[in-house]
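[1] prediction below, plus the sequence it came from.
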Amino acid sequence: MSCCDINNDEKQLCYCFNITESAYIEAIKQGKENVLKGFVVFQTKHNYCHCKNLNPSGQCCLKDFKILDNSRTN
């Protein structure tokens with residue numbers, strides 16, 4: 001899949017930076033989850049995200065990353 005291909009069936013994890021749940025789960029499998037999550041944390045700390053406008057919940061997605069992290073340890 002190239003950078004601009006969008007699969008509408010995939011569940012978005014981060015709407016601001018177009019990160020899907022499946023992309024994050026794949027990163028977890030490869031031991032690289034900190035790369036994706038770290039990117040989002042950095043962007044959030046520097047106010048580069050627009051959660052209120054882009055995320056249908058209006059909330060930051062970082063809690064959703066934690067939910068996926070916790071689900072893999074349970």
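    Done, it's in.
[2] which residues in this protein form helices?
    21-29, 33-45, 51-54, 62-73 (DSSP state H).
[3] in the third one, what's buried?
    In this case it means helix 51-54. When burial is assessed from 16 or more other Cβ atoms under 10 Å, helix 51-54 yields the following buried residues: residue 51. The C-beta positions use only the backbone N, C-alpha and C, and glycine is treated the same way.
[4] could you dump the helices of the chain into CSV and include distance to residue 11?
    Below are the helices of the chain laid out as CSV (distance: least, Cβ to Cβ, whole Å):
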stretch, distance to residue 11
helix 21-29, 5
helix 33-45, 15
helix 51-54, 15
helix 62-73, 10
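[5] now these in JSON lines, with distance to residue 9 and mean pLDDT?
    Output for the helices of the chain, formatted as JSON lines (distance: least, Cβ to Cβ, whole Å; pLDDT from 0 to 100):
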{"stretch": "helix 21-29", "distance to residue 9": "10", "mean pLDDT": "95"}
{"stretch": "helix 33-45", "distance to residue 9": "20", "mean pLDDT": "95"}
{"stretch": "helix 51-54", "distance to residue 9": "19", "mean pLDDT": "94"}
{"stretch": "helix 62-73", "distance to residue 9": "18", "mean pLDDT": "86"}
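[6] nearest to residue 15, of the ones you listed?
    helix 51-54 (4.1 Å; Cβ to Cβ).
[7] distance of the nearest residue to residue 48 once chain neighbours are set aside from residue 40?
    In space, and not counting its chain neighbours, residue 48 is closest to residue 16: 7.8 Å by Cβ to Cβ, 6 or more residues apart in numbering. Separation of residue 16 from residue 40 (Cβ to Cβ, to the nearest Å): 8 Å.
[8] which neighbours do these two share?
    Common neighbours of residue 16 and residue 40 are listed as 49, 61 (criterion: Cβ atoms under 8 Å, 6 or more residues apart in numbering).
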